[in-house]
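Colleague: quick one, what's the 3D model for this:
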Amino acid sequence: MQRKVNVPKQMKKVKEHKCKEFSLTAGMLKGATEEGGKEEMNILLWGGRSKSRIIIEMVKEIYGTQAHISGIFDKTLSELPFQSDIELFSSGSELEVFCKKSSHYIVCIGGEHGYARYMTAKKLEEKGLLPLRVISQHSLLDKLDLIGGGIQVMPGAIAHKFSSINEQCILNTNSTVDHECIIGKGVHVMGGAAIAGRVTIGNYSTIGTNATVLPNLVIGENVYVGAGAVVTKNIGSNSVVAGVPAKFLREFKPSIDLSMFS
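Modeller: Below is the predicted model of the structure:
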């Protein structure tokens with residue numbers, strides 16, 4: 001089935017994200033920041049499941065005593081599914097209190113929920129919190145044109161020269177983004193996925209585990225590429241595709257709940 005492809009807006013050259021935030025990129029000394037300081041950070045985590053468990057350990061490894069996690073917000077949990085002394089909270093009134101206690105945030109929403117991750121991030125920024133990058137010291141970001149705010153880069157992930165990784169993206173374990181790619185806001189490149197050179201991926205899209213995207217292609221916004229798929233042609237927005245070669249299965253509509261901010 002042929003579908004019309006709308007080229008995402010971010011295909012144009014993007015400027016570096018200017019929001020003030022602390023970050024650690026691969027190759028920097030442990031605990032150092034891009035600004036060169038050692039300012040103490042109080043971090044609010046949004047989401048209390050497996051991703052937050054991983055992020056807690058990565059924050060310790062990257063930032064050491066410079067960072068303190070002030071609390072975890074998850075309205076779907078009454079207790080954390082893993083052992084931790086970090087306080088869990090779930091109501092809107094508690095959220096307001098913890099936002100005032102915190103300086104930074106990390107959104108621990110993975111899967112195909114890139115739109116929810118990005119919009120939650122924007123709401124937290126409206127409350128004065130700064131996004132914190134979490135970049136494994138075992139990853140490689142090689143002379144990129146853009147490293148966006150709040151990105152999460154897991155061990156073994158590689159992004160090659162002159163690529164742009166926009167804000168709130170996840171590059172999961174052993175994923176690869178080759179040269180001159182443009183990865184939109186809130187994109188999730190899942191574990192083992194391979195993005196070939198000069199590919200553009202629209203906002204909030206997900207590239208499934210071990211999927212492959214061939215060179216020079218354009219993938220629209222809100223696209224879900226199934227695990228193991230091989231994408232050989234452009235994909236229109238709001239699509240679920242799977243298979244070898246990848247074929248359109250159905251429309252994709254992202255879901256989001258921002259009621260805690262109302």
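
Colleague: who are the contact partners of the nearest residue to residue 171 once chain neighbours are set aside?
Modeller: Nearest non-adjacent residue to residue 171, counting by C-beta to C-beta, 6 or more residues apart in numbering: residue 157, 4.0 Å away. Placement of C-beta: from N, CA and C, glycine included. Residue 157 makes contacts with 136, 139-140, 171-176, 189, as judged by C-beta atoms under 8 Å, 6 or more residues apart in numbering.

Colleague: try it again at 6 Å.
Modeller: Residue 157 sits next to 139, 171, 175 when contact means C-beta atoms under 6 Å, 6 or more residues apart in numbering.

Colleague: and which of those residues is nearest to residue 210?
Modeller: Distance to residue 210 across those (C-beta to C-beta) is lowest for residue 175, with 9.5 Å.

Colleague: the closest one touches residue 193, doesn't it?
Modeller: Yes - contact status for residue 175 versus residue 193: in contact at 4.8 Å, counting by C-beta atoms under 6 Å.

Colleague: burial count for the closest residue to residue 84 other than its chain neighbours?
Modeller: Residue nearest to residue 84 in three dimensions, not counting chain neighbours: residue 56, with 6.9 Å by C-beta to C-beta, 6+ apart. Number of residues near residue 56 (other C-beta atoms under 10 Å) recorded here: 19.

Colleague: could you do residue 182 as well?
Modeller: Residue 182 sits with 25 neighbouring residues when counted by other C-beta under 10 Å.

Colleague: okay, it and residue 164: tell me how far apart.
Modeller: As for residue 182, its distance to residue 164 is 5 Å (criterion: C-beta to C-beta, to the nearest Å).

Colleague: can you check residue 100 too?
Modeller: The gap separating residue 100 from residue 164 is 34 Å, by C-beta to C-beta.

Colleague: still on that earlier bit, quick check: the residue nearest to residue 171 vs residue 123, distance?
Modeller: 27 Å.

Colleague: how about residue 118: what's its closest non-neighbour residue?
Modeller: Leaving aside its chain neighbours, residue 118 sits nearest to residue 186 (3.6 Å; criterion: C-beta to C-beta, 6+ apart).

Colleague: that'll do, ta.
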